[in-house]
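J.: what shape does this take:
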Amino acid sequence: MTEQRTNIFLLRHGETTWNLEKRWQGSKNSDLTLLGIAQVEKAKVNLSHIKINHAFVSPSKRTLDSMDILLSGQAIKAFVLNDLREITLGSWEGKTHEEVEKINSEQFYNFWNKPELFNLENAENYEELQHRVTTVLENLFNEYEGSNILVVSHGLSIKVAMAYYSKIPISNLSKMKDPLNAEVICISKDKNIISISS
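T.: Residues are numbered from 1 along each chain as shown. The predicted model follows:
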């Protein structure tokens, strides 16, 4: 059987209230803002020329709400995959960036500047996050060969996946740009050759 081109369209959820407040979300929920809704609606228009065959989403409310907008009016169901969730950040979740910097300045610095050293109690590190997210994406590539797959996830989850497929080490993650809210990034696989576009 001839291998076919497989496309995974990765989309970060729309802007949320906690994004505006610079508050750590992780596994906790906050609602999409009006701008966030508009961002996802624009992404839906940008994707309208593509026939999506399969859709998968993180269990967070912000991603589920984004997926509902993207698939409204379409006869396709999104399946929730827990491993598409955002990085788990333990005691930081719900706090503002400013609060966390005061409480734990060393790990706050590592999170942004030395990701390979980030190690917070009851939280995931970058390697753990990257492993679980890329395991999901590899399974999708293998199971749905030749398909267009829509995946709605989170900023850091998408960023570590892009690093993996671009062969960029975790230690250089801070040099990569963060995915924007509702930005669509396509990771394509054709004859085991990976390409990334946005």
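J.: just the strands in the protein please.
T.: For the chain, applying DSSP state E gives strands covering 6-12, 54-57, 78-80, 148-153, 184-190, 193-197.
J.: and residue 35, how far is that from residue 15?
T.: Residue 35 is 5 Å from residue 15, where distance means Cβ to Cβ, to the nearest Å. Bear in mind the C-beta positions are built from the backbone N, C-alpha and C, glycine included.
J.: which of the helices and strands in the protein ranks last by mean pLDDT?
T.: The helix or strand of the chain with the poorest confidence is strand 193-197; it has a mean of 80 (mean pLDDT, DSSP states H and E).
J.: and the angle from that strand to strand 184-190?
T.: 160 degrees (axes from the mean of the first three to the mean of the last three Cα atoms, to 10 degrees).
J.: partners of strand 193-197, with directions?
T.: strand 184-190 (antiparallel) (DSSP bridges).
J.: any buried residues in the strand it pairs with, and which?
T.: Residues 184, 185, 186, 187, 188, 189 are the ones in strand 184-190 that count as buried (16 or more other Cβ atoms under 10 Å).
J.: what mean pLDDT does that strand get?
T.: For strand 184-190, mean pLDDT is 94.
J.: give me the most central residue, the protein.
T.: residue 154 (3.0 Å; Cα atoms, centre = their mean).
J.: any idea of the pLDDT on that residue?
T.: Residue 154 is given a pLDDT of 97.
J.: surely it is in contact with residue 12?
T.: Yes - contact status for residue 154 versus residue 12: in contact at 6.3 Å, counting by Cβ atoms under 8 Å.
J.: so, low pLDDT: which residues of the chain?
T.: Regions of the chain meeting the criterion pLDDT under 70 cover residues 1-3, 198.
J.: can we see that at 90?
T.: Along the chain, segments meeting pLDDT under 90 span 1-4, 73-75, 190-198.
J.: tell me where the longest helix sits in it.
T.: Longest helix of the chain, by residue count under DSSP state H: helix 126-143.
J.: buried set for that helix?
T.: Buried residues in helix 126-143 (16+ other Cβ under 10 Å): 126, 129, 130, 132, 133, 134, 136, 137, 140, 141.
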